[in-house]
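# quick one: sequence plus predicted model below, questions after.
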Amino acid sequence: SQQGEEDPQALSIQEGENATMNCSYKTSINNLQWYRQNSGRGLVHLILIRSNEREKHSGRLRVTLDTSKKSSSLLITASRAADTASYFCATVTGNQFYFGTGTSLTVIP
Amino acid sequence: NAGVMQNPRHLVRRRGQEARLRCSPMKGHSHVYWYRQLPEEGLKFMVYLQKENIIDESGMPKERFSAEFPKEGPSILRIQQVVRGDSAAYFCASSSTWTGESNQPQHFGDGTRLSIL
């Protein structure tokens, strides 16, 4: 299966700490995207990193991509209670978008 | 609100009935994608449509499920003769171009939660 897998499945941290979650995938990709999903809502796009990029920043988000290891990481710095959500990585192969199983992040105030 | 609109938000059906889920893409978007999400799981691709055409339906069960995106009006995901296993959240997303090549994100609606009694 092309589907990515996030690690860890669940993460609980104190407000102000950094949160790191990882994503692994199986085949070659054009790009890798990270999405956030709040409970009961749809997914919200966070950041996209292209296959020829190694690192990208957006506000408190930092994404890395290692195509040789077929893995990506999402770092959220200075976490806030509002960051509590599930985070998914997504890759594209052919016509299909493949989402990972997600990391459930809880930020404790 | 120019976002992706899905309705209804919640839909309850009895086994054997039909379920119709609607999705209006963002203004200017002609690419629509449907996904299914079971509790505590990620999204599973079902079908990718472009105006009046099905581009890829390989993720959709061959029986009872169908999707359309007519020239006018919303995209419809139709499930006939529903069974308990169809209970899930169904999400629709849209984009202005195919996201795989254009490096554009998909924009999601808030989903329809389908419950089968």
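Done, it's in. Here the structure is a predicted model, which means the values were calculated and not measured.
# got the residues of chain B near chain A?
Within chain B, the positions adjacent to chain A are B:4, B:6, B:33, B:35, B:41-45, B:48, B:55-56, B:58-59, B:91, B:93, B:98-101, B:103, B:105-111 by Cβ under 8 Å from any Cβ of the partner chain. In this view, the C-beta of every residue, glycine as well, is placed from N, C-alpha and C.
# repeat the analysis, applying 7 Å as the threshold.
By Cβ under 7 Å from any Cβ of the partner chain, the residues of chain B that approach chain A are B:33, B:41-43, B:45, B:48, B:55-56, B:59, B:91, B:99-101, B:103, B:105-106, B:108-111.
# so what's the residue count around residue 23?
In the absence of a named chain, chain A is used. 27 (other Cβ atoms under 10 Å in any protein chain shown).
# actually, chain B is the one I wanted.
B:Cys23 is flanked by 26 other residues according to other Cβ under 10 Å.
# for A:Gln9, same thing?
By other Cβ under 10 Å, 13 other residues sit near A:Gln9.
# dump the residue contacts of it.
Residues in contact with A:Gln9 (Cβ atoms under 7 Å, 6 or more residues apart in numbering or on different chains) are A:Thr103, A:Ser104.
# show me which positions of stretch B:60-80 end up buried.
Neighbour-count burial for stretch B:60-80 flags B:Met60, B:Phe65, B:Ala67, B:Glu68, B:Phe69, B:Pro74, B:Ser75, B:Ile76, B:Leu77, B:Ile79 (criterion: 16 or more other Cβ atoms under 10 Å in any protein chain shown).
# isn't the fifth one up against B:Ile54?
No. Contact between B:Phe69 and B:Ile54 fails when scored by Cβ atoms under 7 Å: they sit 8.0 Å apart.
# ok, back up a step: so which of the buried residues of stretch B:60-80 is the closest to chain A?
Ranked by distance to chain A (Cβ to the nearest Cβ), those are led by B:Met60 at 11.4 Å.
# point out where the chain drops to low pLDDT.
Because you didn't say which chain, this covers chain A. Residues of chain A meeting the criterion pLDDT under 70: A:1-4, A:95.
# to clarify, I was referring to chain B.
Across chain B, the ranges flagged by pLDDT under 70 are B:1-2, B:99-102.
# does B:Ile79 touch B:Ala67 like I think?
No. Using Cβ under 7 Å as the test, B:Ile79 is too far from B:Ala67 to be in contact (9.9 Å).
# done for today, thanks.
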